[in-house]
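> Return atomic coordinates for the entry below.
(2 chains)
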Amino acid sequence: GAVVSQHPSWVICKSGTSVKIECRSLDFQATTMFWYRQFPKQSLMLMATSNEGSKATYEQGVEKDKFLINHASLTLSTLTVTSAHPEDSSFYICSAPPGLSYEQYFGPGTRLTVT
Amino acid sequence: GENVEQHPSTLSVQEGDSAVIKCTYSDSASNYFPWYKQELGKRPQLIIDIRSNVGEKKDQRIAVTLNKTAKHFSLHITETQPEDSAVYFCAANFNKFYFGSGTKLNVKP
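This is a model prediction of the structure:
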């Protein structure tokens, strides 16, 4: 089946710094990828849709200047959390649909802890 | 955007009993309804899905039913086992996924 990877799997950073998370589709091309955030004991909340070669589309309430998304190739999307604060600590997961499939393939997630 | 509601938030059953989790959605354009099982700290795993042109789908002990008119769909797990204990999420999709709030299922041996 289709495989999506994320890097890093976990990261600890200091308040005020920026962190970049990578999402890669390993065996298929993805013109669209999605980024989710999941707080402990909560659901996955869609943050934004990453579109290859164009600007990302953000969900209502998500700060686009804080969560920078770049989808520079058909296999890589990056999420940069800028000026991170402790409240940004969360589990970040990406997903991508292979081709025209309805199904989404999820990355393993990145645990971000901001101290 | 789509609004997906999921009930119950927690469900405790005895091993061998059945479990039912229900979801409703708001956008009639949604056309794909997957169910995921998620273990702590891991990615969601697809366990079953249904498309809007189908009313019911079954895979061994797991089944999903869809009522498009009422905009609700349900997950049915029969003969539950302790390893079924996890958090389950429903989702509704029209170009992108919106997830329900999750159900923590506890199967007591």
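
> list the helices and strands the helix-or-strand element of chain B with minimal mean pLDDT packs on?
Every helix and strand in chain B was compared by mean pLDDT, DSSP states H and E; the lowest is strand B:97-99, with a mean of 93. Applying 3 or more C-beta pairs under 8 Å, 6 or more residues apart in numbering or on different chains; DSSP states H and E, one finds that strand B:97-99 contacts strand A:45-51, strand B:86-93. The way it works is simple: take the backbone N, C-alpha and C, and place the C-beta from them, glycine included.

> Looking at the ones you listed, which is nearest to residue B:16?
Closest to residue B:16 of the helices and strands packed on strand B:97-99 is strand B:86-93 (C-beta to C-beta; 17.3 Å).

> what does chain A put close to chain B?
Contact residues (C-beta under 8 Å from any C-beta of the partner chain) of chain A with chain B: A:34, A:42-46, A:49, A:59-60, A:91, A:93, A:95, A:102-104, A:106-109, A:111.

> Just give the closest residue to residue B:45, not the sequence neighbours.
Spatially, and ignoring its direct neighbours in sequence, residue B:45 is nearest to residue B:37 (5.1 Å; C-beta to C-beta, 6 or more residues apart in numbering or on different chains).

> which SS class is that neighbour?
Secondary structure, DSSP: H, G, I helix; E, B strand; the rest coil: residue B:37 is strand.

> Nearest the geometric middle of chain A, what residue?
residue A:35 (3.7 Å; C-alpha atoms, centre = their mean).

> Distance-wise, check that residue relative to residue A:68.
Here the distance between residue A:35 and residue A:68 works out to 11 Å (C-beta to C-beta, to the nearest Å).

> Quick check: neighbours shared by these two?
Common contacts of residue A:35 and residue A:68 (C-beta atoms under 8 Å, 6 or more residues apart in numbering or on different chains): residue A:79.
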